[in-house]
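Asker: Make a model of this:
(chains A and B)
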2 protein chains.
Amino acid sequence: MESKTNDLLNLIRSRRSVRNFVYKKIDNQVIKEIIDCGRWAPSGRNNQPWKVQIVSHPTVKRMIAENTEYGGIIESAFLNLVVFLDLDRGYDRVKDILAMGAFIQNILLAVHAKGLGAVWIGEILKNKEKICEIFKFSPDKYELMGVITVGIIDESLEKKEERKRRPLDEFIDWY
Amino acid sequence: MESKTNDLLNLIRSRRSVRNFVYKKIDNQVIKEIIDCGRWAPSGRNNQPWKVQIVSHPTVKRMIAENTEYGGIIESAFLNLVVFLDLDRGYDRVKDILAMGAFIQNILLAVHAKGLGAVWIGEILKNKEKICEIFKFSPDKYELMGVITVGIIDESLEKKEERKRRPLDEFIDWY
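Answerer: Here you go, the predicted model:
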């Protein structure tokens, strides 16, 4: 039990952004398992306000890639998950976005647990309306929350740089 | 490796909200380990905009409890983590709140991995300014994101109701 707990905590601690991928197919079943983990995220009133476009078609990837300076990363990976907030399901903007953050984090952890790599691209939000157009979504109905680029890690290129985080004591107080 | 992966995915899938607690001390070291998992959440530009007040003092818990209809739950558990967005560290409202959702989700998963229970209380956000007052925080500097009530699970009271989630196919499209 103790070692199982440690495995789980180590998973959370060892997840990192991966930006170098080997272009190789990921099975649909694996993709489904990854997104399934998102489903179990908590949301206010259990409203589950998520919508995901699963993109592996090169042409669609290219169209997405044109909207961000990280387009090269998007095109180099087999899979991109384009994550939207379903505004019709929303009830409170802050709580809905928090739920989307929890949803995305579950997906990132599931990718890591599967031995795959991912990077969460947020800079593309500057062109969120253009991403809606690609999928013929109304921006009043779906709001882009991020693109999660997923692929097989290219270990030869991926640098294991130290991940920088603020020390715990900097942001906690005890009462 | 396969079984380890499954453990990790099962952790994510089996986490649930817990609302019945045994009032018993949780060690400071365990509390630190739990919040430490939050630290490893991703954030835009790695801005890590989190602030946590760790509350176990009964008087402070009572003051928090008075601001929500779930006050009974807050007081019944040993620990409450009052989670704020540090607005001075923020740079983009949507991305900052997404990061806070990822931070909270890591904490919820760490609690679950430790065999403890937690519930994320969002309804208290209606009184976010009053929660700031308790900690002498300016609402221009810290914005309440939620209270995470953490404790030892009272298995005799906790109902294992089926958790309801939308089926995967309802919110995904393949491209």
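
Asker: Could you check the pLDDT of the closest residue to chain B within chain A?
Answerer: Residue nearest to chain B within chain A: A:Gly101 (2.1 Å; CB to the nearest CB). Glycine gets a C-beta too; all of them are placed from N, C-alpha and C. On pLDDT, A:Gly101 comes in at 98.

Asker: One more: A:Asp140?
Answerer: For A:Asp140, the predicted pLDDT is 97.

Asker: Hmm, it is touching A:Gly90, no?
Answerer: No - counting by CB atoms under 8 Å, no contact exists between A:Asp140 and A:Gly90, whose distance comes to 11.5 Å.

Asker: Contact partners for the nearest residue to the residue of chain A closest to chain B once chain neighbours are set aside?
Answerer: Among residues not flanking A:Gly101 along the chain, B:Gly101 sits closest, at 2.1 Å (CB to CB, 6 or more residues apart in numbering or on different chains). Going by CB atoms under 8 Å, 6 or more residues apart in numbering or on different chains, B:Gly101 touches A:Ile97, A:Leu98, A:Ala99, A:Met100, A:Gly101, A:Ala102, A:Phe103, A:Ile104, A:Gln105.

Asker: try 10 Å this time
Answerer: For B:Gly101, the contacting residues are A:41-43, A:94-105, A:145, B:41, B:120, B:145-146, by CB atoms under 10 Å, 6 or more residues apart in numbering or on different chains.

Asker: got the phi/psi numbers for it?
Answerer: Main-chain torsions, B:Gly101, degrees, to the nearest 10: phi -70, psi -40.

Asker: again, but for the one 5 residues further on
Answerer: Dihedral pair for B:Asn106: phi -60, psi -40, per degrees, to the nearest 10.

Asker: What pLDDT is listed against it?
Answerer: The model's pLDDT for B:Asn106 equals 97.

Asker: What of A:Lys32?
Answerer: Per-residue pLDDT puts A:Lys32 at 97.

Asker: Quickly list what the residue most central in space within chain A is bridged to.
Answerer: Nearest to the geometric centre of chain A sits A:Ile148, at 3.7 Å (CA atoms, centre = their mean). Per DSSP bridges, the residues bridged to A:Ile148 are A:Leu81, A:Trp120.

Asker: thought it was touching A:Ile31?
Answerer: No - counting by CB atoms under 10 Å, A:Ile148 does not reach A:Ile31; the two are 11.3 Å apart.

Asker: list the residues that contact both of the two?
Answerer: With CB under 10 Å, 6+ apart as the test, A:Ile148 and A:Ile31 both reach A:Leu79, A:Leu81, A:Val111.

Asker: roughly how far is whichever strand or helix holds the last one from the heart of the chain?
Answerer: Right, A:Val111. When elements are assigned from DSSP states H and E, A:Val111 belongs to helix A:93-113. Computed by CA atoms, centre = their mean, to the nearest Å, the chain-centroid distance of helix A:93-113 equals 7 Å.

Asker: Kindly report the same for stretch A:140-153.
Answerer: That offset, for stretch A:140-153, works out to 6 Å (CA atoms, centre = their mean).

Asker: Only the C-alpha atoms, please, for that stretch, written as PDB.
Answerer: Output of stretch A:140-153 as PDB, limited to C-alpha atoms (Å, rounded to 0.1, in the frame of the first residue of the first chain):
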ATOM      1  CA  ASP A 140     -20.800  31.700 -28.200                       C
ATOM      2  CA  LYS A 141     -21.200  27.900 -27.700                       C
ATOM      3  CA  TYR A 142     -17.600  26.700 -27.300                       C
ATOM      4  CA  GLU A 143     -14.600  28.500 -25.900                       C
ATOM      5  CA  LEU A 144     -11.100  27.200 -26.400                       C
ATOM      6  CA  MET A 145      -9.300  26.300 -23.200                       C
ATOM      7  CA  GLY A 146      -6.100  24.800 -24.700                       C
ATOM      8  CA  VAL A 147      -4.500  22.400 -27.000                       C
ATOM      9  CA  ILE A 148      -2.900  19.300 -25.500                       C
ATOM     10  CA  THR A 149      -0.300  17.900 -27.900                       C
ATOM     11  CA  VAL A 150       0.400  14.200 -27.200                       C
ATOM     12  CA  GLY A 151       2.900  11.800 -28.700                       C
ATOM     13  CA  ILE A 152       5.600   9.200 -28.200                       C
ATOM     14  CA  ILE A 153       8.500  10.900 -26.400                       C
END
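
Asker: tell me the contacts of the closest residue to A:Val18 other than its chain neighbours?
Answerer: Nearest in space to A:Val18, with sequence neighbours left out and distances taken as CB to CB, 6+ apart, is A:Gly117 at 2.7 Å. Counting by CB under 10 Å, 6+ apart, A:Gly117 touches A:15-22, A:77, A:108, A:111, A:149-155, A:158.

Asker: List only buried entries from those residues.
Answerer: A:15-21, A:77, A:108, A:111, A:149-154 (16 or more other CB atoms under 10 Å in any protein chain shown).

Asker: Now go through the residues you listed and say which are in strands.
Answerer: A:Phe21, A:Thr149, A:Val150, A:Gly151, A:Ile152, A:Ile153 (DSSP state E).

Asker: could I get those as TSV with distance to chain B?
Answerer: Output for these, formatted as TSV (distance: CB to the nearest CB, whole Å):
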residue	distance to chain B
A:Phe21	18
A:Thr149	13
A:Val150	14
A:Gly151	16
A:Ile152	15
A:Ile153	15
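
Asker: Right, I'll leave it there.
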